Every structure is written in C-alpha cells, then in structure tokens.
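> Here is a sequence with its predicted model. Questions after.
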Amino acid sequence: MKNIYFKAAIFSAISMLTFSSCVKTDDYELPEIKCTNKFAAANHPLTDLAVIAKVKPTEADIIKEDYIVEAYISSSDESGNIYKMMFLQDKPENPTQGIEIDIDGGNQYLDYPTGSLVRINLKGLIVQGINGNIKVGSFDPNYPIGRINPNKLSNYMARVCDGQKAVVTAIKPLEFNSIADALKNGAHINQLVKIKNVQFEDPELTKTFADESGTGDRYITDKKAGRLDLRFSNYATFAKSPISPKYAKSGDIVLLLSRFTSSSNATIFTDQAYIRNLDDINFPNDRFNPGEPDAPSASAVNLFAGSDFENWTTFLSSVNTFGLKPYATQGVGLGYNGTNSLQIKGTPTANDYVFTSVATTGIPAVPKRITMYIKGTATGKTLSFNVYKAGGGFYVFNLGTFSTGATLGVESANSYTGSINTNGQWRLVELTLTGIADINTTAGKDMFAIKTGNGGIYDVQIDNIKIE
C-alpha cells in the first residue's frame, strides 16, 4: 500500500514539472489542421455511370482501372429506415444524376454524413443499371449486384477535403407539386425530392410505419389522386410508431426516390421512395379528397364568350359553324348555385362533338388550367374534352368514371369509357395545362370542344367553364 502511495506521489510531481516546463507563456497556438484527399480528382462525371451500367454485370464487367467520380451523399441511415444502401447525386441542388451504393452494413452516417462530398474509385466494383436505376456494388454471381463489405468501403470511397476540413454542403431537394411530376420519365431516381400537398391514403392511418416482421409498404396520395409507395424498414427507430394521429393530415414530404424492378420480368418496375427520418414529413394541413381540384382563383376568366351559360345567345355566338347538338340546351335555373347551365340530356348516336367554341379575347397568354363544374349522371359512356393547339390539332382530356372531382392530364386519344354519377352534387373538373405552350389563344379560332360517346345515356349539367 505504501508503494502505491509513493508511486502516485512521484507521478504527480513529474506531471506538474512537465506541465510547468511546457507552458512558457499565456499564449496558446492551435496546431495546424490539414485534410488531404485519398483519391485523385474525378476523371469521369457521375452521369457516365449510366453509360457503362449493365443490366446483369458479369465478372468481366468489374472495373479494372482508376475510375473516379464525385458525388454528394443525400441519404442517411441514422434512423435505420434506409438500410444497407446509400443514395448519392452529382450536385447538392438541381442534380442530373443519382445513384445507389449497396453496402453490407449500417451506421454509414458516422463516416459519411448527409451532404458530404465524396470521391468514389470504382476500380474493383461493378455498375448495374435497369429501368434508369443506377447501382454501384461488388460482383456477386448469385445476385445482379452484390453489397460492398463495409470493412472495405474506405478502399473505394473517401470524403473530399478543401485543405482544412472535409466538405459538407446542404442538400436542397428538388420540389414538385405532384407525384406524377416527381416520377416523370424516371428522371429523378435516387435523388432527393420534396413533393407538396400529399397525405397518407385512408387505409394507412390505422397502421404503424413498418410491419411487425418486415418492411412495410405505405402509400401516399396527392390532390391529383397520384400515389407512391413509401418503404419503411422494420429496423427503423420509428418502425412501430403509429401513422395517426401525428401524420394523419396533409402537407409536404422529402423523399429519396427509388425504383424496384421485378426479378422475373425486367420490363415491370415499381416506383418507390424512402424517408431519412420522421423530420422529412411535414403534414400540418387538413386532409383533402384526392382528385378533387382547387376551386377557380379570382383571376379565372370565361374560357369562351358565354361559358357561364347565363346568356344563351352569347354562348351560341361563340360556337363554330358546326353548331350545337339538339340534345344540348340551356338548363335554366339548373346551374351552379341556381344559375343557368349547359344541359346535355339524351342518347347520342355517334361519338359527337356537342359543340366546338372559338376563343375570346382576354385569355391568359400562358394558361395553367381550365376548370368547370359538372352535375348529373351518364351511363354507358362518359365525356371527353379537346383543347385546340395554335398550329392545328388538339390535346385530349378524358373524364373517365367521375363522381367526386377530377384533375385530368393529356391523353393520346378521345375515350368515352366510364360513367358519371355525382350523387346530386356539383363536382369540379380541372384540365391541367401546365407545361403546354402552344394552346390557341387567338380570338375567333377553335379553342375548346366537349364530346359525348355513342350510345351513352346522358343527364348532365355543365357550368362555369373557366381558364386561368
């Protein structure tokens, strides 16, 4: 015991002597911090991976030279929802290419946090690409692409330094107003996006995020009735948390888009997405009825003269020389809020143009949408609409089966398949024109037509056709 105390005393004395000999002044100088790059500068842009990717890479496709790309990490596996994979993109905002890297281990966020700029040397790895989904991994003869051993990941990937510290940049998600826009042409696979005005579908509100023993598929929808499969891992920290009531409303969601391809048929794929954590969900707004558009704004104007059908003579003056079908009349007092309407009542004997109207003055130069209210029933067939182009021809919008509101996009041909039953209520229809630059807005030229299907039994009121 005495020896222990004696040794402790000697150690304390030496420590005090060492400290007093090191501190000469009250000035402290921080050591110079240097950060060096493990890999040389990129010799290929990230977009080149889409060029060299193979659907089923073989051993011969293992990259044998220093093939270096740079990318920003947009994902995080800290919550466990994104598991054994990492998403990267070529730019922190407005990216043009996203990729997935498969890794056989978790907690990668500790070494590669979100926003890190990294260099990847693909020497020794393979690149798989199918249906626009580009993946990087190891060769495994048993799978289309293998997962990289996490103990060897640093052989292939390293953070980029600016000379003093590792580079970290905020990742700004691409923003979209609908699910369809985010998924369009598969252009944003493996990229970070924000989709506005979405909510979980009604059946999901009784569930937890993940299933008890596996990954859960939970679907969100938007105001145009688009839907997207969200994947929730049962390894996530929030896997057993209920969706409702905290996330039962609507709002914006930040996602990493992905795409799953069937193993039995390479032409079949499913768009899906992952959140990084629950902070990616911001649902403060009331729930909505999917497919039901927003009411016309204060800036909306009549699509053509008399398109509110209050003055029948004015309306007839806007119809082109082909005139009006006899089963279309003015619905006096039958219109929206007790006004007048266009009444279509009867059974057409052909796929008819009920009427074609010509444009009036005052139409917006770059219109975003056409709206109208519809009430009534149609059995056997439904309605179709044509919006005319400035240089000839027209865009087609098909109503399909209709009951609670609809937001319609352009289709390839007129179709009358479906039925109408609004259960005695006025329902709003939107023809979305966003992204269409050649709609005719010249007064006096064909602008808009309503079509009915052969043999359909119609008893429908249409009112307040507006454009904005």
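Happy to help now that I have it. Residues are numbered from 1 along each chain as shown.

> so Arg227 bridges to which residues?
Beta-bridge pairing for Arg227 (DSSP bridges): Thr221.

> quick one: the helices in this structure?
Using DSSP state H, the helices found in the chain span residues 2-22, 48-52, 179-183, 312-317.

> Show me the contact partners of the third one.
It refers to helix 179-183. Applying C-beta atoms under 8 Å, 6 or more residues apart in numbering, the contact partners of helix 179-183 are 174, 176, 188, 193, 195, 198, 220-222, 224, 226-228, 255, 257, 271, 409. Every C-beta, even on glycine, is put in place using the N, C-alpha and C of the backbone.

> rerun at 6 Å
Residues from elsewhere that reach helix 179-183, judged by C-beta atoms under 6 Å, 6 or more residues apart in numbering: Phe176, Val193, Ile195, Asp222, Gly226, Leu228, Asp271.

> where's the dip in pLDDT among those residues?
By predicted confidence (pLDDT), the lowest-ranked of those is Gly226, with 89.

> Backbone torsions only: list them for it.
The phi/psi pair for Gly226 (degrees, to the nearest 10) reads phi -70, psi 160.

> tell me, how many neighbours does it end up with?
Residues near Gly226, counting by other C-beta atoms under 10 Å, number 19.

> And for it, nearest residue in space, chain neighbours not counted?
Leaving aside its sequence neighbours, Gly226 sits nearest to Ile179 (C-beta to C-beta, 6 or more residues apart in numbering; 3.6 Å).

> Likewise for Thr329?
Nearest to Thr329 is Gln343, by C-beta to C-beta, 6+ apart, at 5.2 Å.

> how near is that neighbour to Asp459?
Per C-beta to C-beta, to the nearest Å, Gln343 is found 8 Å from Asp459.

> before we move on, what about Ala180?
From Ala180 to Asp459 the distance is 32 Å (C-beta to C-beta).

> Give me the more crowded residue out of those two.
Using other C-beta under 10 Å as the criterion, Ala180 and Asp459 rank with Ala180 on top: 18 against 14.

> Report the buried residues of stretch 235-251.
Buried residues in stretch 235-251, counting neighbours by 16 or more other C-beta atoms under 10 Å, are found at Tyr235, Ala236, Phe238, Ala239, Ile243, Tyr247, Lys249, Ser250.

> Asp279: which of those is nearest?
Proximity of those to Asp279 (C-beta to C-beta) peaks at Phe238, which lies at 10.6 Å.

> just checking, Ile171 touches Lys91?
No - Ile171 lies out of contact with Lys91 (C-beta atoms under 6 Å); the separation is 9.3 Å.

> quick one: which of those two has more around it?
Per other C-beta under 10 Å, whichever of Ile171 and Lys91 has more neighbours is Ile171, with 20 against 16.

> contacting residues for the more buried one?
Applying C-beta under 6 Å, 6+ apart, the residues contacting Ile171 are Ser74, Pro92, Gly115, Leu192.

> Filter those down to the buried ones.
Ser74, Pro92, Leu192.

> just these now: which is nearest Tyr67?
Set against Tyr67, the nearest of the buried ones among the contacts of Ile171 by C-beta to C-beta is Ser74 (21.4 Å).

> Ramachandran coordinates for the closest one?
Dihedral angles of Ser74 (phi, psi; degrees, to the nearest 10) stand at phi -110, psi -10.

> residues in contact with it?
Phe87, Gln89, Ile171, Leu192.

> closest to Ile130 among those residues?
Using C-beta to C-beta, Phe87 is the member of those that lies nearest Ile130, at 16.6 Å.

> For the residue nearest to Leu324 when sequence neighbours are not counted, grab the count of nearby residues.
Leaving aside its sequence neighbours, Leu324 sits nearest to Phe355 (C-beta to C-beta, 6+ apart; 4.8 Å). Around Phe355 there are 22 other residues, counting by other C-beta under 10 Å.

> Tell me if I'm right that Phe355 and Phe322 touch.
No - here Phe355 lies out of contact with Phe322, judged by C-beta under 6 Å, at a distance of 7.6 Å.

> ok, back up a step: and the buried residues of stretch 235-251 as CSV, adding distance to Ile450?
Listed next are the buried residues of stretch 235-251 as CSV, based on distance: C-beta to C-beta, whole Å:
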residue, distance to Ile450
Tyr235, 54
Ala236, 50
Phe238, 49
Ala239, 50
Ile243, 41
Tyr247, 41
Lys249, 37
Ser250, 32
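
> Cross those residues against strands and list the overlap.
Counting by DSSP state E, the buried residues of stretch 235-251 place Ser250 in strands.

> Relative to Val301, which of the buried residues of stretch 235-251 is nearest.
Distance to Val301 across the buried residues of stretch 235-251 (C-beta to C-beta) is lowest for Ser250, with 29.3 Å.

> I figured that closest one hits Pro284, correct?
No - between Ser250 and Pro284 there is no contact under C-beta under 6 Å: 8.3 Å.

> rewinding a little: okay, among the contacts of Ile171, which ones form the most distant pair?
Maximum pairwise distance among the contacts of Ile171 (C-beta to C-beta): 10.4 Å, between Gly115 and Leu192.

> Show residues contacting stretch 379-397.
Stretch 379-397 is contacted by residues 398-399, 408, 410-411, 414, 416, 418-420, 431, 438, 440, 446-451, 453, 455-457 when judged by C-beta under 6 Å, 6+ apart.

> Keep only those of those that are in strands.
Short answer: the contacts of stretch 379-397 in strands (DSSP E) are Asn398, Leu408, Ile420, Leu431, Asp446, Met447, Phe448, Ala449, Ile450, Lys451, Ile457.

> Asn155: which of these is nearest?
Leu408 (52.7 Å).

> which residues does that closest one contact?
Leu408 neighbours (C-beta under 6 Å, 6+ apart): Phe397, Leu431.

> how near is it to Phe397?
According to C-beta to C-beta, Leu408 and Phe397 sit 4 Å apart.

> ok, now Tyr388?
Using C-beta to C-beta, Tyr388 is found at 12 Å from Phe397.

> do the same with Glu468
For Glu468 relative to Phe397 (C-beta to C-beta), the value is 16 Å.

> of these two, who's got more company?
More crowded of Glu468 and Phe397, by other C-beta under 10 Å: Phe397, with 24 against 17.

> Do you know the pLDDT at the nearest residue to Gly163 once chain neighbours are set aside?
Among residues not flanking Gly163 along the chain, Cys35 sits closest, at 6.3 Å (C-beta to C-beta, 6+ apart). Cys35 carries a pLDDT value of 84.

> shouldn't Cys35 be in contact with Val168?
No - at 11.9 Å, Cys35 and Val168 do not qualify as touching, with contact defined as C-beta under 6 Å.
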